[in-house]
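[1] Need coordinates for the following:
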Amino acid sequence: MCLVHVRSIVSKVTLDQFSPPVREWFSTSFPEPTPPQTMGWPAIANGDNTLILAPTGSGKTLTAFLWGIDRLTSDPTPADDPHTRIIYISPLRALAVDVDKNLRGPVKGITLAAERLGTPTQQPTVGVRTGDNVAEGTSPDRQATTGHPDHHA
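    Okay, here's the model as predicted:
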């Protein structure tokens, strides 16, 4: 069996773990999952602690975000228990760009895919905090989350 055939089998099984809107968005956005994605998603889906070590540009951040995005867009947040459901901690403020590329972009694309498929979807909220944000209670961004936390932070 050739490597390409093995990779396509693994890719199909891996993508089958996601909801139809996520599968639709991913398959129209990328030719196939990267090795970090095919190896990382099953462990992440099982709730295992997962370390993904791969070169820059290999899809690590999307690997980490996509399972959570799928859950947030598929499963409604209980009205009586609003809380932040995913936290992404980055050591560099410059990686906030990753949030747009790997979080806000996919959420928008998945929402559009869900509309095309006629599938109901949830619209998660996203917030970015940096070490130089003004202290709690004085920042309009932070005040907006009081009692209504973002799903991703």
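
[2] ok, residue 67 to residue 43 distance?
    According to CB to CB, to the nearest Å, residue 67 stands 10 Å off from residue 43. Any C-beta I mention is one placed from the backbone N, CA and C, and that applies to glycine too.

[3] try residue 125
    From residue 125 to residue 43 the distance is 27 Å (CB to CB).

[4] same check, this time on residue 100
    According to CB to CB, residue 100 and residue 43 sit 26 Å apart.

[5] The two: who's more crowded?
    Each of residue 100 and residue 43 has its neighbours counted (other CB atoms under 10 Å); residue 43 has more, 14 against 11.

[6] Look at the more buried one and tell me its secondary structure.
    Applying DSSP: H, G, I helix; E, B strand; the rest coil to residue 43 yields a three-state assignment of helix.

[7] Please name the nearest non-neighbouring residue to it.
    The shortest distance from residue 43 to any residue other than its chain neighbours is 4.5 Å, reached at residue 50 (CB to CB, 6 or more residues apart in numbering).

[8] Equivalent analysis for residue 24, please.
    Once flanking residues are discounted, residue 24 sits nearest to residue 113: 4.0 Å by CB to CB, 6+ apart.

[9] returning to what we had before: who's in contact with the residue nearest to residue 43?
    Residues near residue 50 by CB atoms under 8 Å, 6 or more residues apart in numbering: 40, 43-44, 64.

[10] ok, so of those, who is nearest residue 106?
    Of all those, residue 106 sits closest to residue 64, with 11.8 Å by CB to CB.

[11] and that closest one, what does it touch?
    Applying CB under 8 Å, 6+ apart to residue 64 gives the contacts 40, 44, 50, 52, 88.

[12] what about the closest residue to residue 44 other than its chain neighbours, distance to residue 115?
    Counting by CB to CB, 6+ apart, residue 44 lies nearest to residue 67, which is 4.7 Å off, once chain neighbours are set aside. Residue 67 sits 22 Å away from residue 115, going by CB to CB.

[13] Fine by me, we can end here.
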